[in-house]
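Undergrad: Give the three-dimensional model of this entry:
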Amino acid sequence: MNFLAIAAIYKFEMQRFFRTLLQSFVSPVISTSLYFVVFGAAIGSRIDQVEGVSYGAFIVPGLIMLSVITQAISNASFGIYFPKFIGTIYELLSAPVNFLEIVIGYVGAAATKALFIGVVILATSALFVDVQIQHPGAMVAFLLLTCISFALFGFIIGIWAQNFEQLQLVPLLIVTPLVFLGGSFYSISMLPPFWQTVTLFNPVVYLISGFRWAFFGQADVSIGLSLLAIAGFTALCLFLIWRIFKTGYRIKS
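TA: The predicted model follows:
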């Protein structure tokens, strides 16, 4: 394992992040504050509690998941797409670095950025509501797994994309709607029985449910299913990345 190569890729990606630290820090804080104003104040004034939890506190896990998933995908996809766009990926592929080291470097940096955003949003949420975490170990585990798995997914999108429009296509048209419809701002138990069944086909439901359980000890689906879902998604992403580098799909001319 070439740890020097991993560190070089990781450091390069993190330096790009810190060059826009103000934007990376201020943007999620403002977005979170707006969500609390719109959902916490406007809707929260009409919905006192959800499953025994105040509505303002109930939406905190969903807000964190929404930002973490989108940030992990966008950072990982842009991180690997830009070398493709300017042609420097061929220098990387010709260097004595295997595909696993490349993936660890790019995905590790993207997951770190998403984790940072998640922590910032959690801290911002504490300014608006009383946030209590019943299972902090599980919360950290779900947060890390989500950052890593969706960074892997973003890495796949970055390789698949052939232009900047395609780079934004999957996050905007597929991932973001799935997160909003995955119980980020409501419990699926509030839906009619038919739509509860339909919602269970949304994989994001299992992530948000497990993450919310770490906060409040309540979940829409079992924790075992949540862990199985994120483990299966991570394994699928790893397999697809292995196939990409084995076949040279859209990374070799």
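Undergrad: low-confidence ranges in the stretch 151-253 of the chain?
TA: Applying pLDDT under 70 to the stretch 151-253 of the chain flags the ranges 253.
Undergrad: That one: helices as residue ranges?
TA: With helices called from DSSP state H, counting those that start in this stretch, the stretch 151-253 of the chain shows them at 164-170, 176-180, 193-199, 204-216, 223-247.
Undergrad: Report all helices and strands that the last one contacts.
TA: Looking back up the chat, that one is helix 223-247. Where contact means 3 or more C-beta pairs under 8 Å, 6 or more residues apart in numbering; DSSP states H and E, helix 223-247 is packed against helix 99-125, helix 136-160, helix 204-216. C-betas here are computed from N, CA, C, even on glycine.
Undergrad: Check which residues of the second one are buried.
TA: Read it as helix 136-160. Neighbour counts over helix 136-160 (16 or more other C-beta atoms under 10 Å) mark 138-139, 141-143, 145-160 as buried.
Undergrad: centroid residue for the chain?
TA: In the chain, the residue lying closest to the centroid (C-alpha atoms, centre = their mean) is residue 69, at 1.8 Å.
Undergrad: Surely that residue is in contact with residue 150?
TA: Yes: at 5.0 Å, residue 69 counts as touching residue 150 under the criterion of C-beta atoms under 8 Å.
Undergrad: got a list of what the residue nearest to the centre of the chain touches?
TA: Taking C-beta atoms under 8 Å, 6 or more residues apart in numbering as the criterion, residue 69 is in contact with 114, 146, 150, 175, 179, 204, 207.
Undergrad: Which one of the residues you listed is nearest to residue 239?
TA: Using C-beta to C-beta, residue 150 comes nearest to residue 239 of the contacts of residue 69, at 15.8 Å.
Undergrad: Which element, helix or strand, includes the closest residue in space to that closest one that isn't next to it in sequence?
TA: Leaving out its chain neighbours, the residue that sits closest to residue 150 by C-beta to C-beta, 6 or more residues apart in numbering is residue 72, at 4.0 Å. Per DSSP states H and E: residue 72 is located in helix 60-86.
Undergrad: and that helix, which residues are buried?
TA: Going by 16+ other C-beta under 10 Å, helix 60-86 has these buried residues: 60-81, 83-85.
Undergrad: same check, this time on stretch 123-136
TA: If you call a residue buried by 16+ other C-beta under 10 Å, then stretch 123-136 has these buried ones: 124-125, 128-129.
Undergrad: With stretch 220-239 instead?
TA: Applying a neighbour-count criterion of 16+ other C-beta under 10 Å, one finds 220-221, 223, 225-227, 229-230, 233-234, 237 buried in stretch 220-239.
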